[in-house]
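S.K.: I would like the atomic coordinates for the input below:
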Amino acid sequence: MKHTPLVRVFLTVALICSGVIFSVFSASGSEDVHPFLKQVTRKTYPNAHAVLAKEIESIHFKNDGTYVDEDEVFITILDEDGKRSEKIQSFYIDRYYAKLDVRVMEVIKKDGRPVPVNLKVNSREDTPLSDTEANIYDPKRKILKVFLPDLEIGDTIHYRIHREYFKAVIPNHLYGMVLGQYTFPVRFYQFTLKGPSKVKLYTLIKDKVKGCVTYRRWVKNGQQIQQWVFRDVPQITPEPSMPPFIRVAMRLLYSTLPSWEEASRWYASLVEPKLTPTPGIIAKVEELTRGLSTEEAKIRAIFYFVAQKIRYMGVTAEKNRPGFEPHAVAMTFSRRYGVCRDKAALLVSMLRVAGFKANMALVNVGNKLDREIPVPYFNHAVAVLRAETGAPITFMDPTSETSKQFFPDYERDSSCLIADRRGERLRVTPVLPPERNLFQVTIRDIFSNKRGLYGKLDAVCTGFVDTAFRYLMMVKGKEERAELLLRMFKRRYPGMEMAHVVWSDPADRSRPFSFSFDFRISRSAVSAGRGFSFFLPLSNMENPGVLDRWILGKADMVKREYPLRFGYTYLTRVLEAIHFSQPPVEITLPVIPNVANNVVDYYTTFTLKGKATLFIRREFALKKLEVSPGQYQQIVNVQHDRRQRITLPVILRGEK
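M.R.: Just a heads-up that it's a prediction; the model follows:
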């Protein structure tokens, strides 16, 4: 999602933004003389593509949580990259909650001359990409894109907008976040909050840049006024696979919510009336669980019904709080489709019918919210099984129709809030232990007296690896499936010939996905003279797992300023049993130091049974979804070690 720099970010599940009223005005005349723009040059900002030269934003709120937001922005373009990134200005629109009046949209040329932008000619409304990808249609939720056809290097984009939020998401409460730092420098940004003096407003600046922020507060005519000024804030240089920008940049949080528990109670009051089961739902639960003796079997039957039989799509029709409020479960069940919150609500209702304690929960996928100030920015809704004590046992996301997992890895280590009438604190979804995302390769082979290697390879998957394989296999034909599986290992061990590939039914979720094939390697050893040979077992392949190369490839920097997010924990295990058709006189095994720390485990063990059979076990486990800059070096070291270790051969000595 593209944000105009330092404009207030609203990352709620509904993308709460604004409605739009077209108007075109030019701020012509003497008021258009902006001497501060002369301070923004390539000389004063040598490393910037663009600069937020000035922004003045003011929010005036009422007791009921509604407010008016006035925002004036000046962005100066310094090079071609800045021109490319800012040539289109985007504004999110949600007419259920607000409307927007674009009062000025112009380009100030280098000579100070303002050139108005005709919005009727140079703007259009698009459906948000996230909605299109999720098969959701909402005519009141759009993105207004404004094209700046005459933008040139040295120009300044100038706009003034007026937002009127006529409906609060959480009644009688205001909350939000503004960025005080961005990917280009901030020369000056003033943000003001004004409202009734009796309203308690909680505020906090996170990741503060020293010496760049000033604050003052005063009361006038029964109104409290709080003002922050950000000056000369340095830009952030983004890094690959870093956490969301809004988690590492300097940011101001504000909220009238006294606690996360208050937000939890509000969401419970919104969703609980929608969870009442119908006779049809009760009958379906009885049908799904009939004859099942264990709780786990009953839970799985209900989960897979909602995941597979309720299609993920929707047309927004909620009247109270669109974007947050699920439809009544009766509607979702009868129509057999719904968006995330609809499917989660139906799953919760059906689990309760079956006798389980379950609630809905909001999740901010891939991000962690700040605990200190309750700013409930969530972008997803799921279900959660709970113990009698109320503690969460299992998070469940039924949006994927092909997943065997209850809860996908990309939603783990993310902030979540359980809807509970008693109130719940902000939590983080649990991270899976690596062995729950296992890719295990078992190799049984024979080393012939001609230095060839032949045998059979079996692979089995669990967790995310299982889900990934099922998805890939289900969208391909039979011949494409075979080629997909074989291509994985052709890349990892050049010269390997493979045949007789078979695989399990990707639609059968009763057992882990697996596949196998026969293989032959004509020359797996190199003569070293005097009866010695250098032998490279098949388990020596560099990246035998599904995720190894992709995950470790993210560690491509010498050092980092920000955390590195992997997205998955996982374990790759390779077991090889090599039988020597002509046992060597002597076997010399490489010495490979093992690695174990709080980020990764990496080890290799060799076991000889006489001189006829060699057992090799290799394991690589990634234990964290996110590593700090201090822990990053551990990943870099593992990369280096792995490249060296695959070249270490087993040395065989035969008869002279």
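S.K.: strands of the stretch 301-450 of the chain, start to end?
M.R.: Secondary structure of the stretch 301-450 of the chain, counting by DSSP state E, counting those that start in this stretch: strands at 311-312, 314-315, 337-338, 358-363, 380-386, 392-396, 415-418, 427-428, 438-447.
S.K.: ok, the first one: who's next to it in the sheet?
M.R.: When you say that, I think you mean strand 311-312. Applying DSSP bridges, strand 311-312 is found paired with strand 337-338 (parallel).
S.K.: how far off centre is the strand it pairs with?
M.R.: 23 Å (Cα atoms, centre = their mean, to the nearest Å).
S.K.: any idea which of the strands of the stretch 301-450 of the chain is most buried?
M.R.: Ranked by mean neighbour count, the strands of the stretch 301-450 of the chain are led by strand 358-363 with a mean of 26 (mean count of other Cβ atoms under 10 Å). C-beta: built from backbone N, CA, C; applies to glycine.
S.K.: tell me the pLDDT at the residue nearest to Arg311 when sequence neighbours are not counted?
M.R.: Leaving aside its sequence neighbours, Arg311 sits nearest to Tyr337 (Cβ to Cβ, 6 or more residues apart in numbering; 4.1 Å). We have a pLDDT of 90 for Tyr337.
S.K.: quick one: pLDDT of the closest residue to Arg573 other than its chain neighbours?
M.R.: Once flanking residues are discounted, Arg573 sits nearest to Gln440: 4.5 Å by Cβ to Cβ, 6+ apart. Note for Gln440: predicted pLDDT of 95.
S.K.: now Gln440: how far from Lys490?
M.R.: As judged by Cβ to Cβ, to the nearest Å, Gln440 and Lys490 stand 20 Å apart.
S.K.: which residues are in contact with the residue nearest to Arg573?
M.R.: Gln440 sits next to Ala459, Val460, Cys461, Thr572, Arg573, Val574, Leu575 when contact means Cβ atoms under 8 Å, 6 or more residues apart in numbering.
S.K.: please repeat the previous calculation with a cut-off of 10 Å.
M.R.: 458-462, 465, 512, 514, 544-545, 571-575, 619 (Cβ atoms under 10 Å, 6 or more residues apart in numbering).
S.K.: cool, Pro326 as well?
M.R.: 270-271, 274-275, 318, 332, 338-346, 348-349, 360, 381.
S.K.: ok, now with 6 Å
M.R.: Neighbouring residues of Pro326 by Cβ atoms under 6 Å, 6 or more residues apart in numbering: Val271, Lys274, Arg341, Asp342, Ala345.
S.K.: low-confidence stretches in the protein?
M.R.: 1-33, 129-137, 314-318, 402, 642-647, 655-656 (pLDDT under 70).
S.K.: for Leu485, which three-state class applies?
M.R.: helix (DSSP: H, G, I helix; E, B strand; the rest coil).
S.K.: pretty sure it contacts Phe513?
M.R.: No. At 10.7 Å, Leu485 does not count as touching Phe513 under the criterion of Cβ atoms under 6 Å.
S.K.: just flag the most distant two among the contacts of Gln440.
M.R.: Ser514 and Glu619 (18.8 Å; Cβ to Cβ).
S.K.: more crowded one of the two?
M.R.: Remark: of Ser514 and Glu619, Glu619 carries more neighbours, 19 against 15, as counted by other Cβ atoms under 10 Å.
S.K.: for the residue nearest to that one when sequence neighbours are not counted, pull up the helix or strand it's in.
M.R.: In this structure, Glu619 finds its nearest non-sequential neighbour in Arg573, 5.0 Å apart by Cβ to Cβ, 6+ apart. Under the criterion of DSSP states H and E, Arg573 resides in strand 570-580.
S.K.: which parts of the very next helix or strand once past that strand are buried?
M.R.: Heading C-terminal from strand 570-580, the first helix or strand you meet, by DSSP H and E, is strand 586-588. Buried residues in strand 586-588, counted by 16 or more other Cβ atoms under 10 Å: Ile587.
S.K.: helices or strands next to strand 586-588 in the packing?
M.R.: The contact analysis (3 or more Cβ pairs under 6 Å, 6 or more residues apart in numbering; DSSP states H and E) places strand 586-588 against no helix or strand.
S.K.: can you list contacts of the helix or strand following it?
M.R.: Later in the chain than strand 586-588, the nearest helix or strand by DSSP H and E is strand 595-596. Outside of strand 595-596, the residues within contact range by Cβ under 6 Å, 6+ apart are Tyr602.
S.K.: partners of strand 595-596 in the sheet?
M.R.: By DSSP bridges, strand 595-596 pairs with strand 600-609 (antiparallel).
S.K.: skipping adjacent residues, who's closest to the residue positioned nearest the centre of the chain in space?
M.R.: Centroid-nearest residue in the chain: Gly366, 3.4 Å away (criterion: Cα atoms, centre = their mean). Counting by Cβ to Cβ, 6+ apart, Gly366 lies nearest to Ser414, which is 5.9 Å off, once chain neighbours are set aside.
S.K.: my read is that that neighbour contacts Val365, right?
M.R.: Yes. Using Cβ under 6 Å, Ser414 is in contact with Val365, at 5.5 Å.
S.K.: in stretch 75-93, what counts as buried?
M.R.: For stretch 75-93, a neighbour-count test (16+ other Cβ under 10 Å) marks Ile75, Thr76, Ile77, Leu78, Gly82, Lys83, Glu86, Gln89, Phe91, Tyr92, Ile93 as buried.
S.K.: can you tell me which of those is nearest Val229?
M.R.: Ile75 (18.1 Å).
S.K.: hang on, the closest one packs against Ile157?
M.R.: Yes. Counting by Cβ under 6 Å, Ile75 touches Ile157, with 4.4 Å between them.
S.K.: count of neighbours near Tyr202?
M.R.: 16.
S.K.: my bad, should have said Phe580
M.R.: 19.
S.K.: in this structure it contacts Ile446, no?
M.R.: No. Shown here, Phe580 and Ile446 do not form a contact pair, counting by Cβ under 6 Å, at 7.8 Å.
S.K.: many thanks, I have nothing further to ask.
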